[in-house]
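Chemist: Predicted structure and sequence below. I'll ask about it afterward.
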Amino acid sequence: MKKLILSTAALALTTGFAMADTVRMGTEGAYPPYNFINDAGEVDGFERELGDELCKRAELTCEWVTNEWDSIIPNLVSGNYDTIIAGMSITDERDEVIDFTQNYTQPDPSGYLALMGADVDIKGGIVAAQTGTIQAAHIAASGATLVEFATPEETIAAVRSGEADAVLADDAYLRPFAAEADDLTMLAETEMLGGGVGMGVRESDGELKGKFDAAIASMKADGSLNALIAKWEIGPGF
C-alpha cells in the first residue's frame with residue numbers, strides 16, 4: 001500500500017515504550033477507507049476497527065492520535081506516539097529507520113485516476129501523488145513528471161484543475177471517487193507496489209512489536225482479519 005519515508009534516519013532516538021503505559025496509536029486520519037475522521041470528530045475506518053481489536057487481544061490500553069503524513073515517522077521516532085497504523089506499506093527504506101509488525105494487508109494495487117475522456121500518457125505525462133509515498137517514488141523512477149502534494153485530496157484536485165494528467169494512489173482510496181463523480185475515471189493500468197501494510201514501531205520497542213505480531217497472527221488464524229478486509233473493501237485477504 002501507500003507511503004514511503006522522508007529522510008528521517010537522523011532522528012533515530014533511544015525512546016522506548018514502557019509496557020505499563022497507554023499505547024498511543026498514531027494515524028493520519030485522512031486516507032479512507034484505511035483511516036479518516038468521522039462526523040463525530042473521531043478516528044474511524046479499517047485501521048481504527050483493526051487497531052482496537054489488536055489492542056484488545058494484546059491486553060493493551062490504547063488511545064488514538066493523529067499526525068500529518070509528512071512527519072509521521074519522525075514523530076514516532078521522537079516518542080510522540082508508540083505506533084504508526086496509517087496505511088503504511090512495508091519497504092526496505094522505512095525498515096532502516098523503524099520496525100514493522102507482520103503485514104495486516106496484502107499489497108493493494110495502486111491505480112490511476114484521471115478526468116473522464118482524457119488521453120493520458122502515464123509514462124510521459126504529469127502524474128500526481130502524495131508526498132513521501134511509494135506511489136511518488138514509483139512515478140519519479142518511471143519517466144513521468146511527478147507533482148507531489150501534502151494530502152491525498154490535493155492530488156485529486158490537481159487532476160480536476162489540469163495541473164496533473166492523473167493521480168497514482170491505492171486503488172481502495174481512489175475507486176470511490178471515480179464511482180461517485182461524473183468527471184473522474186479509473187484507468188486500466190495498475191501498479192503492484194510495496195510489501196503490504198504493517199504497523200510501525202520504534203526499533204527499540206521489540207516487546208511491543210511482539211505483542212502486536214501475535215495479535216495480528218491470531219486474527220489471521222481465526223478469519224477475523226479477512227472479515228475486516230472484506231468489510232472495508234481493502235483488497236485481497238490472506
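Modeler: Good, I have the coordinates. Since the model is a prediction, treat every value here as computed from it, not as a measurement.
Chemist: Give me the residue ranges of the chain where confidence is low.
Modeler: Within the chain, the stretches with pLDDT under 70 are 1-20.
Chemist: On the three-state scheme, the residue most central in space within the chain is what?
Modeler: With distances taken as CA atoms, centre = their mean, the chain has residue 87 as the residue nearest its mean C-alpha position (2.0 Å). Under DSSP: H, G, I helix; E, B strand; the rest coil, the three-state class of residue 87 is coil.
Chemist: Now do the helices in the protein.
Modeler: Here the chain has its helices, by DSSP state H, at 46-57, 72-77, 92-95, 134-142, 152-161, 171-180, 206-222, 224-231.
Chemist: related to what we said a few turns ago, okay, now the closest residue to the residue nearest to the centre of the chain other than its chain neighbours: neighbour count?
Modeler: Spatial nearest neighbour of residue 87, excluding adjacent residues (CB to CB, 6 or more residues apart in numbering): residue 34 at 3.9 Å. Every C-beta, even on glycine, is put in place using the N, C-alpha and C of the backbone. Neighbour count of residue 34, defined by other CB atoms under 10 Å: 28.
Chemist: Name the residues of stretch 56-75 that are buried.
Modeler: For stretch 56-75, the neighbour count (16 or more other CB atoms under 10 Å) marks 57, 58, 60, 62, 64, 66, 67, 69, 72, 73, 74, 75 as buried.
Chemist: Who does the fifth one form a beta bridge with?
Modeler: Here residue 64 sits in beta bridges with residue 25, going by DSSP bridges.
Chemist: Return the list of helices and strands in contact with the longest strand seen in the chain.
Modeler: Longest strand in the chain by number of residues, with DSSP state E as the criterion: strand 184-192. Under the contact criterion of 3 or more CB pairs under 8 Å, 6 or more residues apart in numbering; DSSP states H and E, strand 184-192 touches strand 109-115, helix 152-161, helix 171-180.
Chemist: So for residue 192, which of these sits nearest?
Modeler: Among those, strand 109-115 comes nearest to residue 192, with 5.9 Å by CB to CB.
Chemist: List the buried residues of that closest one.
Modeler: For strand 109-115, a neighbour-count test (16+ other CB under 10 Å) marks 109, 110, 111, 112, 113, 114, 115 as buried.
Chemist: which other residues reach it?
Modeler: Contact with strand 109-115 is made by 120, 122, 127, 134-135, 138, 156, 159-160, 165-171, 174-175, 177-178, 183-187, 189-193, 235, as judged by CB atoms under 8 Å, 6 or more residues apart in numbering.
Chemist: Pull out the buried members of these.
Modeler: Among the contacts of strand 109-115, those buried by neighbour count (16+ other CB under 10 Å) are 120, 122, 127, 134-135, 138, 156, 159, 165-171, 174-175, 177-178, 184-187, 191, 193, 235.
Chemist: first vs last residue of stretch 78-95, how far apart are they?
Modeler: With CA to CA, to the nearest Å as the measure, stretch 78-95 spans 16 Å from end to end.
Chemist: make that stretch 60-80, sorry
Modeler: For stretch 60-80, the first-to-last residue distance is 18 Å (CA to CA).
Chemist: Please apply the same query to stretch 110-120.
Modeler: Taking CA to CA, stretch 110-120 runs 16 Å from one end to the other.
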